[in-house]
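*Asks:* Prediction below, plus the sequence it came from.
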Amino acid sequence: MWEHERLVVRTGPRSGMTTMVALHSTEAGPAVGGCRMKAYERITDAVTDVLRLSKAMTLKCAAAGIPHGGAKSVIVVDRPLTPGLRRQVLLDHADLINEFGGAYRAGPDVGTGPDDMLVLSELTPYVHCLPEEHGGTGSSSGPTARGVLAALKAASRHVFGTDDLTGRKVVISGFGSVGELIARALRGAEVIVSDVDESRRTDEFGWVHPDQAYRVKADVLVPAAVGGVLSPQVVEQLDVRLVVGPANNQLTDDSVAGLLEARGIVWVPDHVASAGGVIYTLAREDDGADHETALRRVDGIGVMVGKLLRGRQREDSGMTANPGSMGA
Ligand SMILES: NC(=O)c1ccc[n+]([C@@H]2O[C@H](COP(=O)([O-])OP(=O)(O)OC[C@H]3O[C@@H](n4cnc5c(N)ncnc54)[C@H](O)[C@@H]3O)[C@@H](O)[C@H]2O)c1
């Protein structure tokens, strides 16, 4: 069944490049979601991505109790991006955002940042996370990492009996802006990072080739790169007890959650673990909350994860019929 409200794909008149917006749901309120700028092998791959990501945003907002629906947009990079072309395609994309009349509000995602949001804002008011010097809250990577850490601590209490990660072996796949912040926050843990971009390699942390990242024997795996990484084959090879990370849509399909559970691996769904950015941004930019108040809301992710895991435990022991949404 087609469960999205709208999908619009456009060729931009300025850039000649394809951009698209998928509006999954506005039932809870105007839809929010990042604008991804990325190369795809086929346009249909981009359409699949934008449809899945927009649905995940609806789940993310619902799990976080935010009165918004989910949407996402994609700018398909099909040639080298000069600064001029980047600007043109962003302006094209701003026109497309305006077609939704406020039903979709964009923020940064993989491949875009606050400076790109500033370009969008030249033509559309429906944009979040402008640079701080322009009145926005800037990059959401910090709050996203904080939310993942809150989820990680709560899940660690459940799995290891303590939220102290000292001495735990943690593999972070994707050493980008969120992955790096998580790695740096895990003082005392044995942190191993991995990235397809070799230039990200640093002596500060252990390093594993991306092909091997999902086979390392460790306590925790943090998917912080791309989606679709947890397939049945990969889950078969995992040698960790806990998986929690920011990457959106980590499972290749929903049935993989059952496979993780069957292997006794606790998986915190990405729409819960990765909600820190959207929680923080909307608290500050829509509700007018100050920085500390917004961070406290982000930390609520830990409370939510703890409750869900306890609910799941009670269900396993036959004490409740409400399983929550955690894997194992
Ligand atoms: N930044 C946020 O606020 C935010 C919020 C919610 C969700 N997320 C999700 O978290 C993930 C990380 O976000 P980010 O902002 O750090 O992105 P980023 O682009 O800064 O970092 C991603 C990193 O992953 C690497 N990478 C790409 N493919 C890889 C692969 N197959 N194996 C290993 N490394 C690979 C890239 O080289 C890059 O260094 C993304 O999936 C993003 O959608 C981010």
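*Replies:* Yep, that arrived.

*Asks:* Stretch 196-207 and the ligand in contact?
*Replies:* Yes - residues of stretch 196-207 are located near the ligand by Cβ under 6 Å from any ligand atom, namely 196, 197, 200. No exception for glycine: its C-beta is placed from N, CA and C like everyone else's.

*Asks:* Equivalent analysis for stretch 77-84, please.
*Replies:* No - residues of stretch 77-84 are not located near the ligand by Cβ under 6 Å from any ligand atom, the shortest gap being 13.2 Å.

*Asks:* Can you pull out the residues in contact with that stretch?
*Replies:* Identification of contacts with stretch 77-84 by Cβ atoms under 8 Å, 6 or more residues apart in numbering yields 17, 18, 37, 38, 39, 85, 89, 111.

*Asks:* can we see that at 10 Å?
*Replies:* Judged by Cβ atoms under 10 Å, 6 or more residues apart in numbering, the contacts made with stretch 77-84 from elsewhere in the structure are 14-18, 36-40, 43, 46, 75, 85-89, 111.

*Asks:* cool, and stretch 283-293?
*Replies:* Taking contacts as Cβ under 10 Å, 6+ apart, the residues outside stretch 283-293 that touch it are 29-30, 32, 66-68, 105, 107, 127-130, 135-137, 143, 280, 282, 294-298.

*Asks:* Report the buried members of those residues.
*Replies:* Neighbour counting by 16 or more other Cβ atoms under 10 Å classes 30, 32, 66, 68, 105, 107, 127-130, 136-137, 143, 280, 282, 294-295, 297-298 among the contacts of stretch 283-293 as buried.

*Asks:* restrict the residues you listed to those near the ligand?
*Replies:* Restricting these to those near the ligand by Cβ under 6 Å from any ligand atom leaves nothing, as none qualifies.

*Asks:* Tell me which of those fall in strands.
*Replies:* Judged by DSSP state E, the buried ones among the contacts of stretch 283-293 include 32, 105, 107 as members of strands.

*Asks:* and the second one, how far is that from residue 291?
*Replies:* Distance check for residue 105 against residue 291: by Cβ to Cβ, to the nearest Å, it reads 21 Å.

*Asks:* who wins for most neighbours among the residues of stretch 196-207 next to the ligand?
*Replies:* Across the residues of stretch 196-207 next to the ligand, the neighbour count under other Cβ atoms under 10 Å reaches its highest value at residue 200, namely 15 neighbours.

*Asks:* domains of this protein?
*Replies:* In the assignment given by automatic domain parsing, the structural domains of the chain cover 6-134, 141-275+304-316.

*Asks:* May I see those arranged in a markdown table, with mean pLDDT as well?
*Replies:* As requested, the domains of the chain are arranged in a markdown table below (pLDDT from 0 to 100):
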| stretch | mean pLDDT |
| --- | --- |
| domain 6-134 | 97 |
| domain 141-275+304-316 | 96 |
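
*Asks:* For whichever residue of the stretch 101-250 of the chain sits closest to the ligand, give me its contacts.
*Replies:* Closest approach of the stretch 101-250 of the chain to the ligand (Cβ to the nearest ligand atom) occurs at residue 176, with a separation of 1.7 Å. Under the criterion of Cβ under 10 Å, 6+ apart, the contact partners of residue 176 comprise 110, 141, 195, 197, 200, 224, 225, 226, 246, 247.
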